[in-house]
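Chemist: Okay, structure incoming, though there's no sequence with it:
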């Protein structure tokens with residue numbers, strides 16, 4: 001396999017994987033391209049490499065910046081903006097966890113809090129309340145675990161993970 005083929009396969013695979021962590025394919029492909037690029041790239045270079053429109057490139061680059069996965073880089077004498085990916089994979093994982101918690105888990109916890117106030121006026125209502133209580137308990141534990149993970153460093157995580165799988 002040539003380097004070009006390897007890069008193309010990585011970009012396509014990372015793009016497909018992106019939907020698993022809550023982003024669209026193009027956003028993940030831009031992230032992949034920037035991850036493997038030895039230098040910061042301009043929006044025009046990203047558009048050309050991935051064959052995407054300016055609007056698509058700009059919208060997804062901004063989203064990647066919001067997620068903390070991509071940063072602007074200034075080049076002396078250049079008017080264009082250049083972009084570089086966070087290459088520390090532990091930071092990438094933590095930023096993805098933070099964003100997914102904010103977009104998925106935290107709204108669900110708010111809903112669970114809100115519907116926990118259902119009156120136990122019938123057997124069906126009591127059963128509903130019990131199911132919601134169990135989901136809320138599990139969700140709060142997941143939230144707490146993710147908070148601990150985000151605050152930890154990679155050495156602690158790897159060590160803890162290795163102990164768990166032994």
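Modeler: Yep, it's here. Note that this is a predicted model, so its numbers are computed, not measured.

Chemist: Can you tell me which helices and strands the one helix or strand residue 125 maps to packs against?
Modeler: Using DSSP states H and E, residue 125 maps to helix 123-151. Packing partners of helix 123-151 (3 or more CB pairs under 8 Å, 6 or more residues apart in numbering; DSSP states H and E): helix 89-100, helix 106-115. For every residue, glycine as well, the C-beta is placed using N, CA and C.

Chemist: what angle separates that helix from helix 106-115?
Modeler: 150 degrees (axes from the mean of the first three to the mean of the last three CA atoms, to 10 degrees).

Chemist: Can I get the helices and strands packed on helix 123-151 in CSV including mean neighbour count, mean pLDDT and distance to residue 8?
Modeler: Conversion of the helices and strands packed on helix 123-151 to CSV gives the following (neighbours: other CB atoms under 10 Å; pLDDT from 0 to 100; distance: least, CB to CB, whole Å):
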stretch, mean neighbour count, mean pLDDT, distance to residue 8
helix 89-100, 16, 88, 21
helix 106-115, 13, 91, 37
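
Chemist: Turn those into TSV, including distance to residue 79.
Modeler: Listed next are the helices and strands packed on helix 123-151 as TSV, based on distance: least, CB to CB, whole Å:
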stretch	distance to residue 79
helix 89-100	29
helix 106-115	39
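
Chemist: For stretch 119-133, buried residues please.
Modeler: Neighbour counts over stretch 119-133 (16 or more other CB atoms under 10 Å) mark 129, 132 as buried.

Chemist: relative orientation of the helix holding residue 125 and helix 89-100 in degrees?
Modeler: Using the same axes, to 10 degrees: helix 123-151 against helix 89-100 is 150 degrees.

Chemist: what's the offset of helix 123-151 from the middle of its chain?
Modeler: On the basis of CA atoms, centre = their mean, to the nearest Å, helix 123-151 sits 22 Å off its chain's mean C-alpha point.

Chemist: Stretch 50-62 too?
Modeler: Using CA atoms, centre = their mean, the offset of stretch 50-62 from its chain centre is 18 Å.

Chemist: still on that earlier bit, what's the average pLDDT for the helix holding residue 125?
Modeler: Mean per-residue pLDDT for helix 123-151: 89.

Chemist: next structured bit after whichever strand or helix holds residue 31?
Modeler: For residue 31, the element it lies in under DSSP H and E is helix 25-36. Remark: after helix 25-36, the chain's next helix or strand is strand 41-42, criterion DSSP H and E.

Chemist: Neighbouring strands of that next one in the sheet, and parallel or not?
Modeler: strand 82-85 (antiparallel) (DSSP bridges).

Chemist: Using the record's domain definitions, break this structure down for me.
Modeler: 3-85, 89-165 (automatic domain parsing).
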